[in-house]
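> here is a sequence with its predicted model. Questions after.
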Amino acid sequence: MARAASPARRAAFTALAWTLALLIFFPIAWTILTSFKTERDAIANPPVLVPLVGGADGRPPILAGEADDPAEDATGGPEAGARSPGGPFFRATLENYRVVQERSDYMRFLWNSVVIAGGSTLLGILVAVPAAWSMAFVPSRRTKDVLLWMLSTKMLPAVGVLYPIYLIATFRLPLGGGTFQLIDTKPFLVVILMLINLPIIVWMLYTYFREIPGEILEAARMDGASLRAEIVHVLTPMAVPGIASTVLLSFILAWNEAFWTLNLTAVDAAPLTAFIASYSSPEGLFFAKLSAASTMAIAPILVLGWFAQKQLVRGLTFGAVK
């Protein structure tokens, strides 16, 4: 019988878990905090950490987006913004969000991200479910080798295959008397991100399907169920937690993908990663506005992860069907 952990050991593991959680969450918290600073406060040394909502005359600049410094740089450069009250305090403002909304078409970038991440996830699941089913329930001597080979492709640096994929994307295809290129199109990016995440999707689904007793599927076949009915009406409902967690993870990976989206898009198909990168300019980095853009980009996925966390935990701890 397993012996219960001592209080000291439990306390040590709890402290370690909290430390890791804080280290992981710190960059996100710092980005959100910086998004409410002026450019001057964003680069202050030592950093200012405590936000103040009220202005110098009692007005709330956080709501009005006003600056106390009348000589504010209209370009939003590093010297722009309200005068800091001193010490570890800074006057919080929503000015960065207003500027980002005015200068960029946020909703277009958001829609592109939803289409690309959602499309690649849906396409990946449609391809991976039959593949994982065949590997889990009709295995061959090479099944493990195929799985390991698929995972090994994730070890290849993305830049190593950028050139051939870029050549394919820029190849002019005949279409209706003219030519057509795949670069800067959402369908092409959907396929690329699906192929990138497919090894992980197949491996996760294979792991979940292996936990389902084959006798259940065999009984369905004995009752006359077709292959399609077996997968759709028997296997899929039993593996919903695992499939849901796989869908969520695949969606997050596609949403956060920056390398391919920055190299294969320009304007029409640019997602939120390109939206963030647009605030890096030859004049310098506008940290406050960059943080506001980053916060707006990660907000949808943070909300999705928050509401789906129970489903994600259930899927990642998916056990045998009793």
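Structure received. Keep in mind it's a predicted model, so treat the numbers as computed, not measured.

> which SSE is immediately downstream of the helix or strand Leu167 falls within?
Following DSSP states H and E, one finds Leu167 within helix 162-170. Where DSSP H and E defines the elements, the next helix or strand beyond helix 162-170 is strand 173-175.

> can you tell me the closest non-neighbouring residue to Val202?
Ala128 (4.6 Å; C-beta to C-beta, 6 or more residues apart in numbering). Heads up, the C-betas are built off the backbone N, CA and C, glycines and all.

> let me see the contact set for that neighbour.
For Ala128, the contact set (C-beta atoms under 8 Å, 6 or more residues apart in numbering) comprises Leu198, Ile201, Val202, Leu205, Thr246.

> okay, it: pLDDT?
Per-residue confidence (pLDDT) for Ala128: 95.

> and what of Ala131?
Value listed for Ala131 in the pLDDT field: 93.

> now do Glu79
Glu79 is given a pLDDT of 45.

> same check, this time on the one 3 residues further on
The model reports Ala82 with a pLDDT of 49.

> please shift the residue numbers so they start at 43 in all later answers.
Renumbered: residue one is now 43, and that last one reads Ala124.

> if we can go back for a sec, which of the contacts of Ala170 fall within helices?
Leu240, Ile243, Val244, Leu247, Thr288 (DSSP state H).

> which of the residues you listed lies closest to Ile207?
Leu240 (14.9 Å; C-beta to C-beta).

> now do the same contact list for that closest one.
Gly166, Val169, Ala170, Met192.

> the nearest residue to Leu189 once chain neighbours are set aside: neighbour count?
Among residues not flanking Leu189 along the chain, Trp245 sits closest, at 6.1 Å (C-beta to C-beta, 6+ apart). Trp245 has 19 neighbouring residues, counting by other C-beta atoms under 10 Å.

> so how far is Ile85 from Trp245?
43 Å (C-beta to C-beta, to the nearest Å).

> what does Ser162 give?
From Ser162 to Ile85 the distance is 37 Å (C-beta to C-beta).

> hang on, Gln223 packs against Arg214?
Yes - counting by C-beta atoms under 8 Å, Arg214 is a contact partner of Gln223 at 6.0 Å.
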